[in-house]
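Chemist: Requesting a structural model of the entry that follows:
(one chain, ligands or ions: 1)
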Amino acid sequence: MNTPRWYPDELAHAGSEHTDPDYVSGYDRKAGADPDEDLSALLELGLGADGTLVDLGAGTGTFALAAARLCRRVIAVDVSPAMLDLLREKAERLGAENVECVRAGFLTYEHRGEPADFVYSRNALHHLPDFWKGLALDRVAGLLRPGGIFRLRDLVYSFEPGEAGRYVERWLAGAAWRSEEGWTRAELEAHLREEYSTFSWLLEPMLEHAGFEIREASYSDSRTYAVYTCVRA
Ligand SMILES: C[S@@+](CC[C@H](N)C(=O)[O-])C[C@H]1O[C@@H](n2cnc3c(N)ncnc32)[C@H](O)[C@@H]1O
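Modeler: Numbers count the residues shown, from 1 in each chain. Here you go, the predicted structure:
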């Protein structure tokens, strides 16, 4: 793809910690992610031995590697070389030969082969401001076959602006004490200030505008995380 000059450098917006091999080596412990809920949801929607899944912002590959046990082809896409190095190492260790690692971003990934049946993305889209989210979601729709599924999990604010103080303080109060074990108060504050999580009532019309039907939306009690299951029209 010939990226226009006015496109952002996605790596420059990816969070400097994600390009730091030391941070990346401790990432799985910090994130403590369990892929089972998302896998079960996608299995119910037809994820199976013939399927192709693209994971955008795959990080160290916790989800991509779990999905690879169940489907034919998994493409794990990330802008960070450090994340991809660890992902490749884990894939080799597991003998996951159906996982392709691609260094690219939401705005630059070029899909090859049959259109994807599933696109998954967890905690990555918030690295793009809303204008670029709009372009990214349009590109996600373009990767999928009609009827294909987009499962999006991210930090999304499902409260009104006037409620921000209350919900944000409650969220920060539940932060991890140690950075090795989760996201600390200082890290969550930096997320609020410097990254681009948006309101659910802005993101949802953006998903629909990109040609998705939102089949299911759920919001955490903290109102700071959301999960969407969307079908490409
Ligand atoms: C918080 S991590 C989440 C990783 C993984 N999805 C998970 O849930 O553990 C965010 C990931 O998004 C990647 N990322 C940031 N901006 C991106 C972009 N524009 N396109 C693709 N990946 C991006 C980062 O390099 C990082 O690996």
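
Chemist: pull the CA atoms of the regular element (helix or strand) spanning C101 into PDB?
Modeler: Assessed by DSSP states H and E, C101 sits inside strand 99-103. Taking C-alpha atoms only, strand 99-103 is exported to PDB below (Å, rounded to 0.1, in the frame of the first residue of the first chain):
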ATOM      1  CA  VAL A  99      -0.100 -18.300  12.600                       C
ATOM      2  CA  GLU A 100       1.300 -15.600  10.300                       C
ATOM      3  CA  CYS A 101       2.900 -12.600  12.000                       C
ATOM      4  CA  VAL A 102       2.600  -9.300  10.100                       C
ATOM      5  CA  ARG A 103       4.200  -6.100  11.100                       C
END
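
Chemist: Need the residues that contact it.
Modeler: 58, 61, 64-65, 68, 73-79, 81, 84, 87-88, 91, 109 (Cβ atoms under 8 Å, 6 or more residues apart in numbering). For glycine as for every other residue, the C-beta is placed from the backbone atoms N, C-alpha and C.

Chemist: Out of those residues, name the ones that lie in strands.
Modeler: Among the contacts of strand 99-103, the members found in strands (DSSP state E) are 73-78.

Chemist: Those residues into JSON lines, with extra columns for distance to L137?
Modeler: JSON lines is the format used below for the ones in strands among the contacts of strand 99-103 (distance: Cβ to Cβ, whole Å):
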{"residue": "R73", "distance to L137": "22"}
{"residue": "V74", "distance to L137": "21"}
{"residue": "I75", "distance to L137": "18"}
{"residue": "A76", "distance to L137": "19"}
{"residue": "V77", "distance to L137": "15"}
{"residue": "D78", "distance to L137": "18"}
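
Chemist: Many thanks, have a good one.
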